[in-house]
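**Student:** Just need the structure, nothing else, for what follows:
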Amino acid sequence: MSAAFHLAARYVLRHRFQSSLLAGALGLVFALPLCLRVLIEHAQRELRARAAATPQIVGTRGSALDLMMTALYFKRENLTPLPFGVLAELRRNADAAAIPLHVRFAAQDAPIVATELDYFPFRGLRLASGKQIARLGDCVVGASLARKRGLQPGGHVFSTPELAFDMAGVYPLKMRITGVLAANGTPDDDAIFVDLKTAWLIEGRSHGHDDLKKDESVVLKQEEHNIVGNAAVRMFNEVTDANISSFHFHGDISAYPISAVIVLPKDAKAEALLAGQFARSKDQQLIRPRDEIEALLAQLVRLEGFAASALLLTATAALLVTALVFALSFRLRLREFKTLEDVGVSRASLITVKVLEITFIGLAAVLIGLLLLSLASFAAPHLLRMAL
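**Tutor:** So this is what the prediction gives:
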């Protein structure tokens with residue numbers, strides 16, 4: 001037995017490249033279904049947790065899935081905006097709290113999430129450094145984003161224009177970073193948070209400019225209670241202590257857009273009453289993220305079944321190819337086995353050598369598979385965050 005073990009080990013080590021290639025291919029093929037299961041289980045757990053923590057979401061009628069992805073994962077879907085006045089209507093209900101969200105803009109692919117301070121305790125977010133939003137133009141950034149870009153309190157970040165050439169004159173806003181949030185392993189770690197007025201400022205619904213009363217050269221016309229500036233008026237793209245008083249809003253703020261409202265009913269009765277109220281609405285809808293996530297996961301599990309079937313067929317084919325490789329290898333080595341038999345090695349020992357070679361390759365494949373499975377478990381949170 002020791003001689004057979006020695007011969008088998010020497011052969012595998014002598015042909016280490018071919019052996020490693022075969023073991024790696026086998027390990028990869030058999031690890032794929034397990035890695036897929038690990039990734040899906042992690043996705044299900046994370047998706048359910050965030051959805052369960054968000055009782056209800058109100059938005060404009062349309063795709064419930066798009067509304068959920070916008071409110072939970074800050075995806076900039078093509079949603080019809082909700083009037084800000086809806087928030088005041090919801091807050092008249094004493095049995096439910098409401099938190100607005102406006103998710104339209106980004107800063108180099110990082111979503112800019114406009115909300116109110118109530119959002120942070122709702123999501124369990126706390127500051128790791130700096131302070132909270134204090135005025136127009138301030139922002140706090142998530143932990144992952146701050147780490148990747150080297151952002152810190154006192155720094156600045158620019159909003160990204162929606163169009164390369166904006167004829168309306170909406171410039172990138174230079175926002176002051178007042179704080180960095182502690183990591184909590186959710187999409188909040190990769191976002192930039194501002195107040196609603198800052199988002200409307202980015203959108204061009206508010207602006208600040210030079211005092212027209214002090215510089216007549218930029219005045220186009222002057223009426224009794226109104227001064228109209230010409231194209232030479234300098235618009236501010238940063239809010240500072242010196243110019244903050246010059247910023248003003250135009251129009252009816254209740255008509256300003258928001259993306260969604262997170263609704264937090266006090267109990268099951270209030271939740272049911274709100275659902276019934278919005279079921280009759282022709283313009284707005286109320287969704288329960290838990291229900292939407294379960295519907296999404298049902299489709300995900302179905303796709304997993306198809307993928308697992310395909311991977312099983314692939315594994316079967318790989319096993320057959322591996323058997324063919326070993327059969328051809330042993331056939332090509334007939335002269336080697338004949339020589340060993342001539343020098344006194346029994347046929348039983350030669351069979352043991354072949355079995356041990358297959359066992360060594362199989363054990364190496366198992367180790368590679370376990371390594372890939374551990375890697376999938378470690379990378380699952382990062383892959384899910386990238387996918388969402």
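**Student:** Next up, phi/psi of Ala242, please.
**Tutor:** phi -80, psi -30 (degrees, to the nearest 10).
**Student:** Could you report the neighbour count for it?
**Tutor:** Ala242 has 8 neighbouring residues, counting by other CB atoms under 10 Å. For the C-beta atoms, the positions are set from N, CA and C on the backbone; glycine is no exception.
**Student:** Contacts only, for it.
**Tutor:** Counting by CB atoms under 8 Å, 6 or more residues apart in numbering, Ala242 makes contact with nothing.
**Student:** how about the helices of this protein, start to end?
**Tutor:** Per DSSP state H, the chain has helices spanning 2-14, 16-52, 64-73, 85-91, 119-123, 143-149, 196-203, 268-279, 289-332, 334-342, 347-387. These are given in chain order.
**Student:** and among these, the most buried is which?
**Tutor:** Most buried of those by mean neighbour count (mean count of other CB atoms under 10 Å) is helix 196-203; its value is a mean of 23.
**Student:** Can you lay out the helices of the chain as a markdown table showing distance to Ser246 and mean pLDDT?
**Tutor:** Listed next are the helices of the chain as a markdown table, based on distance: least, CB to CB, whole Å; pLDDT from 0 to 100:
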| stretch | distance to Ser246 | mean pLDDT |
| --- | --- | --- |
| helix 2-14 | 77 | 77 |
| helix 16-52 | 40 | 85 |
| helix 64-73 | 32 | 92 |
| helix 85-91 | 27 | 91 |
| helix 119-123 | 28 | 95 |
| helix 143-149 | 30 | 94 |
| helix 196-203 | 12 | 91 |
| helix 268-279 | 40 | 88 |
| helix 289-332 | 41 | 82 |
| helix 334-342 | 89 | 79 |
| helix 347-387 | 40 | 82 |
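**Student:** how about the ones you listed in a markdown table, adding distance to Tyr256?
**Tutor:** Converted to a markdown table, the helices of the chain look like this (distance: least, CB to CB, whole Å):
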| stretch | distance to Tyr256 |
| --- | --- |
| helix 2-14 | 71 |
| helix 16-52 | 27 |
| helix 64-73 | 17 |
| helix 85-91 | 9 |
| helix 119-123 | 18 |
| helix 143-149 | 26 |
| helix 196-203 | 6 |
| helix 268-279 | 21 |
| helix 289-332 | 25 |
| helix 334-342 | 82 |
| helix 347-387 | 31 |
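**Student:** So for Gln108, which of these sits nearest?
**Tutor:** helix 143-149 (8.1 Å; CB to CB).
**Student:** Report the distance from that closest one to the chain centre.
**Tutor:** Centroid separation between helix 143-149 and its chain, computed with CA atoms, centre = their mean, to the nearest Å, is 14 Å.
**Student:** Can you give the contact residues for that helix?
**Tutor:** Identification of contacts with helix 143-149 by CB under 8 Å, 6+ apart yields 110, 128, 151-152, 157, 180-184, 189-192, 385.
**Student:** Lowest-confidence entry in those?
**Tutor:** In terms of pLDDT, the lowest of the contacts of helix 143-149 is Arg385, showing 67.
**Student:** coming back round to it: out of the helices of the chain, the one nearest Ala106 is which?
**Tutor:** Among those, if distance is taken as CB to CB, the winner is helix 196-203, at 10.0 Å.
**Student:** tell me which strands and helices the closest one is in contact with?
**Tutor:** Helix 196-203 sits against strand 96-107, strand 110-115, strand 206-207, with contacts defined as 3 or more CB pairs under 8 Å, 6 or more residues apart in numbering; DSSP states H and E.
**Student:** ok, now which ones touch Lys131?
**Tutor:** Neighbour list for Lys131: 153, 178-179 [criterion: CB under 8 Å, 6+ apart].
**Student:** Export those residues to a markdown table and append columns for neighbour count, pLDDT and distance to Ala199.
**Tutor:** Converted to a markdown table, the contacts of Lys131 look like this (neighbours: other CB atoms under 10 Å; pLDDT from 0 to 100; distance: CB to CB, whole Å):
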| residue | neighbour count | pLDDT | distance to Ala199 |
| --- | --- | --- | --- |
| Pro153 | 17 | 95 | 21 |
| Thr178 | 21 | 96 | 16 |
| Gly179 | 21 | 96 | 18 |
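**Student:** which one among the residues you listed gets closest to Ile351?
**Tutor:** Among the contacts of Lys131, and counting by CB to CB, the member closest to Ile351 is Gly179, at 70.5 Å.
**Student:** which residues does the closest one contact?
**Tutor:** Applying CB under 8 Å, 6+ apart, the residues contacting Gly179 are 127-133, 140-141, 153.
**Student:** Nearest to Leu264 among the contacts of Lys131?
**Tutor:** Leu264 has its nearest neighbour among the contacts of Lys131 in Gly179, at 23.9 Å by CB to CB.
**Student:** What's the separation between Leu82 and Gly59?
**Tutor:** Using CB to CB, to the nearest Å, Leu82 is found at 6 Å from Gly59.
**Student:** Comparing those two, which shows the higher neighbour count?
**Tutor:** Per other CB under 10 Å, whichever of Leu82 and Gly59 has more neighbours is Gly59, with 27 against 23.
**Student:** what sits opposite that one in the beta ladder?
**Tutor:** In this entry, Gly59 is beta-bridged to Gln285, by DSSP bridges.
**Student:** In contact with it, which residues?
**Tutor:** When contacts are counted by CB under 8 Å, 6+ apart, Gly59 touches 67, 70-71, 79, 82, 259-261, 284-285, 287.
**Student:** ok, 7 Å please
**Tutor:** Contacts for Gly59 were tallied using CB atoms under 7 Å, 6 or more residues apart in numbering; they are 67, 79, 82, 260, 284-285.
**Student:** Flag the least confident of these.
**Tutor:** pLDDT across the contacts of Gly59 is at its lowest for Leu79, which sits at 84.
**Student:** Around it, how many other residues sit close by?
**Tutor:** Leu79 has 21 nearby residues by other CB under 10 Å.
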